[in-house]
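> structure here, sequence nowhere to be found:
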């Protein structure tokens, strides 16, 4: 029976594909932003990500989700999460590739943040659940840097390229991971409503000072088996950030009670936990009462990773749709040759390429220390791309027909995972309001973003008209936001969407100057900024040469 299947119209598995070298827009961005010396390592990672072995690891971590073990056989409280061995394989390779905190090291190679961003785009095409631990480890560093001693203690551990699972004294481990514990059930994104309390108790068995005891409950805790956690709690001076180790200097485990693991729509491999703290030892990070400000850099870094992951998911979906269409015959010929399918595939490819350009621009901004641009630009990008990723994956799944809806095919898992990027560190309303907040409190950041968008003026008349439209709105909204932020709140989503699309169009125009195929910038403006722009993928009027150019670039 197996031999008789050879002649059937069956699509081969999409394996043994270099997920970096075939992503031309990403390769160009790496070179454009000065990370050319990382091309070899990124190629190695891209080939590993596209192997059959890696796809099997992904299958296992989704099929066998983590389990909670609160007590050992003797009845001792252990509060551990057990993962399938494939989970540790994925983390091992990701840590070895430098996807944690290596880019923050003083002796990091040139353009390390750009290279890491490109690696996240590549590696997120495998499985995104295990990326939580990588992202929170990377993002913890900006907060820890507010304390020189904590930075000196923890940065080498979090930047290590060695992955070591299991709970041990951090100083004795080859490498460590960090997680976040900030949200609570009564507040969610409203972090000021935290009820966790902290009382100072000097001389505790924690590296750093001053030491405190924390008591409270955290509702969503990422990577609960990490070695260190950033935790918000109310100290006498107000809401404050703390560093909480899982294992104390004495070797005893800190009080970190895992109540349950969340039963989530997607990200099944990720053990998101509810945690109870009771006289839990911690060390203060930053000043008392400035917890949210201390956490700003961490929040921004996680949001940027959300942008990168959304970009990776879009790229994965486009590759799967193209691969299927090129190997499947329907109605007398290859599916990829059908005009309507070509329109859909080309439109998806254009969306994915623009996302890549946008995401990598903000990674370069981190490298260059462009804090004003990052402050408002990253929330704009996160708002837009995290939502577009869901629609791109859904359309790609439709390209595969019923096969795409079957779990074992893989795209169904990607579709379940896609909404996480939108929810991660602030859902749509939160990020849109954050942009408004920047307008009123840090108008310089909005001026920088508008200035960068304005550089694209003259590239396309549609872009010029759109910029004039949104600039007029922003000028009025900025004045009003400083006077009464609530007055412009209802229009926040429209404003952020227009900013995102214009930023994409402008960056596509700039990237076209260094691209082997510059036509995509004009196409993006024509299809996304036109007054009669269709809302569905594939409902565009593209010339045959443009379609073939987009599809060849998308997957050579």
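Arrived safely. All figures in this text were calculated on a predicted structure; none of them were measured in a lab.
> for this structure, what spans make up the strands?
For the chain, the strands defined by DSSP state E occupy 67-71, 77-82, 178-183, 197-200, 211-221, 228-235, 238-245, 257-261, 273-285, 329-330, 333-334.
> counting by contacts, list what the fourth one packs against.
So that's strand 197-200. Strand 197-200 is packed against strand 211-221, strand 228-235, with contacts defined by 3 or more Cβ pairs under 8 Å, 6 or more residues apart in numbering; DSSP states H and E. C-betas here are computed from N, CA, C, even on glycine.
> would you point to the one among those that's packed deepest?
strand 228-235 (a mean of 25; mean count of other Cβ atoms under 10 Å).
> from the contact counts, what lies against that strand?
Looks like strand 228-235 contacts helix 131-144, strand 178-183, strand 197-200, strand 211-221, strand 238-245, strand 273-285, helix 291-294 (3+ Cβ pairs under 8 Å, 6+ apart).
> what angle do the first one and strand 178-183 make?
In terms of direction (axes from the mean of the first three to the mean of the last three Cα atoms, to 10 degrees), helix 131-144 departs from strand 178-183 by 80 degrees.
> on contacts alone, who are the packing partners of helix 131-144?
Using 3+ Cβ pairs under 8 Å, 6+ apart, helix 131-144 sits against helix 85-96, helix 112-123, helix 148-158, strand 178-183, strand 228-235, helix 296-327.
> so for residue 264, which of these sits nearest?
Ranking the helices and strands packed on helix 131-144 by proximity to residue 264 (Cβ to Cβ) places strand 178-183 first, at 14.5 Å.
> related to what we said a few turns ago, dump the helices and strands packed on strand 197-200 to CSV, plus distance to residue 496 and mean pLDDT.
Formatted as CSV, the helices and strands packed on strand 197-200 follow (distance: least, Cβ to Cβ, whole Å; pLDDT from 0 to 100):
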stretch, distance to residue 496, mean pLDDT
strand 211-221, 24, 96
strand 228-235, 26, 97
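> need the winner for burial among the helices and strands packed on helix 131-144.
Most buried of these, by mean neighbour count (mean count of other Cβ under 10 Å): helix 112-123, with a mean of 28.
> contact partners of that helix?
Applying Cβ atoms under 8 Å, 6 or more residues apart in numbering, the contact partners of helix 112-123 are 19-20, 23, 26, 29-30, 33-35, 38, 41-42, 45-46, 49, 94, 97-99, 102-103, 105, 109, 131, 134, 138, 304-305, 308-309, 311-312, 315, 356, 359-360, 363-364, 366-367.
> so which of those belong to helices?
Per DSSP state H, helices hold the following members of these: 26, 29-30, 41-42, 45-46, 49, 94, 131, 134, 138, 304-305, 308-309, 311-312, 315, 356, 359-360, 363-364, 366-367.
> give the contact list for the nearest residue to residue 253 once chain neighbours are set aside.
Excluding its sequence neighbours, the residue lying closest to residue 253 (Cβ to Cβ, 6 or more residues apart in numbering) is residue 247, at 5.6 Å. Residues near residue 247 by Cβ under 8 Å, 6+ apart: 167-170, 227, 253-254.
> could the helices and strands packed on strand 197-200 go into TSV alongside distance to residue 534?
Formatted as TSV, the helices and strands packed on strand 197-200 follow (distance: least, Cβ to Cβ, whole Å):
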stretch	distance to residue 534
strand 211-221	37
strand 228-235	44
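> count the residues that sit near residue 387.
18 (other Cβ atoms under 10 Å).
> how near is it to residue 125?
Between residue 387 and residue 125 the distance is 19 Å, computed by Cβ to Cβ, to the nearest Å.
> test my guess that residue 17 contacts residue 50.
Yes. Judged on Cβ atoms under 8 Å, residue 17 makes contact with residue 50 at a distance of 3.9 Å.
> rebuild the helices and strands packed on strand 228-235 as a markdown table, extending it with distance to residue 381.
Formatted as a markdown table, the helices and strands packed on strand 228-235 follow (distance: least, Cβ to Cβ, whole Å):
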| stretch | distance to residue 381 |
| --- | --- |
| helix 131-144 | 16 |
| strand 178-183 | 21 |
| strand 197-200 | 34 |
| strand 211-221 | 23 |
| strand 238-245 | 25 |
| strand 273-285 | 27 |
| helix 291-294 | 22 |
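> looking at these, which is nearest to residue 68?
Judged by Cβ to Cβ, the one of those that comes nearest to residue 68 is strand 273-285, at 7.6 Å.
> and the closest one, average pLDDT?
Here strand 273-285 scores 98 as its mean pLDDT.
> check stretch 243-255 too.
Averaging pLDDT along stretch 243-255 yields 97.
> repeat for stretch 351-359
Across stretch 351-359, pLDDT averages out at 91.
> buried subset of the contacts of helix 112-123, written for PyMOL?
Command for PyMOL, covering only those of those found buried under the criterion 16 or more other Cβ atoms under 10 Å:
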select buried, resi 19+20+23+26+29+30+33+35+38+41+42+45+46+49+94+97+98+99+102+103+131+134+138+304+305+308+309+311+312+315+356+359+360+363+364+366+367
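> quick one: residues contacting residue 275.
181, 217-218, 221, 224, 256-259.
> so it bridges to which residues?
Judged by DSSP bridges, the bridge partners of residue 275 are residue 218, residue 258.
> burial of the nearest residue to residue 104 once chain neighbours are set aside, as a residue count?
Computed as Cβ to Cβ, 6+ apart, the closest residue to residue 104 that is not its neighbour in sequence is residue 141, at 4.4 Å. As a burial measure, residue 141 scores 22 neighbours (other Cβ under 10 Å).
> quick one, what contacts residue 299?
139, 425-426.
> export those to a markdown table and tack on distance to residue 480?
As requested, the contacts of residue 299 are exported to a markdown table (distance: Cβ to Cβ, whole Å):
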| residue | distance to residue 480 |
| --- | --- |
| 139 | 33 |
| 425 | 27 |
| 426 | 23 |
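> who has more neighbours, residue 17 and residue 50?
Taking other Cβ under 10 Å, residue 17 and residue 50 do not tie; residue 50 has more neighbours (22 against 18).
> can I assume that one is in contact with residue 13?
No. Using Cβ under 8 Å as the test, residue 50 is too far from residue 13 to be in contact (10.7 Å).
> and residue 175, backbone torsions?
Recorded main-chain torsions at residue 175 are phi -160, psi 150, according to degrees, to the nearest 10.
> what separates it from residue 117, distance-wise?
Per Cβ to Cβ, residue 175 is found 21 Å from residue 117.
> contacts only, for the closest residue to residue 417 other than its chain neighbours.
For residue 417, ignoring the flanking residues on the chain, the nearest one in space by Cβ to Cβ, 6+ apart is residue 266 at 4.0 Å. By Cβ under 8 Å, 6+ apart, the contact set of residue 266 is 129, 413, 415-420.
> between those residues, which sits nearest residue 328?
residue 415 (19.5 Å).
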